[in-house]
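Colleague: Just the structure for this:
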Amino acid sequence: EIGMGLTGFGVFFLFFGMILFFDKALLAIGNVLFVAGLAFVIGLERTFRFFFQKHKMKATGFFLGGVLIVLIGWPLIGMILEIYGFFLLFRGFFPVVVGFIRRVPVLGYLLNLPGISSLVDKVGESNNMV
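Modeller: Take a look at the predicted model:
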């Protein structure tokens, strides 16, 4: 419960920081809360093993490097690196997320619209396992 709250607040602060033209303080707080919440949800050892698997080192480097760059004070560059690293790290979860969202009544309808459907199909057909 604490981990989900921390992760939720982390996502909120990251989103709010981006809306407020990449406010570095909000982005830094969001990064710290997100990573701490992830550690609370799945545990410290599993978080460490997830981030530092041999085939995920590039993604981890981009994600944690982006966090560091945001903390240093270059929020736009840091967030670009973080987003790229995030997609590399969590791309194995995207097919599960797309399948779940397609079953939600309103969101499923939106994902099946002609222009969006082909894009979502490309995201949802990832063959990489976590």
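
Colleague: Got the domain ranges for this structure?
Modeller: 1-90, 93-129 (the TED database).

Colleague: what about Phe15, which helix or strand?
Modeller: helix 2-19 (DSSP states H and E).

Colleague: got the buried residues for that helix?
Modeller: Of all the residues in helix 2-19, those buried under the rule 16 or more other C-beta atoms under 10 Å are 6-7, 9-10, 13-14, 17-18. Glycine gets a C-beta too; all of them are placed from N, C-alpha and C.

Colleague: Now it - C-alpha only, CSV.
Modeller: This file holds the C-alpha atoms of helix 2-19, laid out as CSV (Å, rounded to 0.1, in the frame of the first residue of the first chain):
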residue,chain,number,x,y,z
ILE,A,2,2.8,2.4,0.8
GLY,A,3,4.6,1.5,-2.3
MET,A,4,1.6,2.1,-4.5
GLY,A,5,1.1,5.5,-2.9
LEU,A,6,4.7,6.5,-3.4
THR,A,7,4.7,5.3,-7.0
GLY,A,8,1.4,7.2,-7.6
PHE,A,9,2.7,10.4,-6.1
GLY,A,10,5.9,10.0,-8.1
VAL,A,11,3.9,9.7,-11.3
PHE,A,12,1.8,12.7,-10.3
PHE,A,13,4.9,14.9,-9.5
LEU,A,14,6.5,13.8,-12.8
PHE,A,15,3.4,14.7,-14.7
PHE,A,16,2.9,18.0,-12.9
GLY,A,17,6.6,18.9,-13.3
MET,A,18,6.3,18.4,-17.1
ILE,A,19,3.1,20.4,-17.3
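
Colleague: I would like the residues contacting it, please.
Modeller: 23-27, 29-42, 75, 79 (C-beta atoms under 8 Å, 6 or more residues apart in numbering).

Colleague: The closest residue in space to Ile42 that isn't next to it in sequence and Phe93: what is the separation?
Modeller: Distances taken as C-beta to C-beta, 6 or more residues apart in numbering put Phe50 closest to Ile42, at 7.2 Å, once the chain neighbours are dropped. With the distance defined as C-beta to C-beta, to the nearest Å, Phe50 ends up 11 Å from Phe93.
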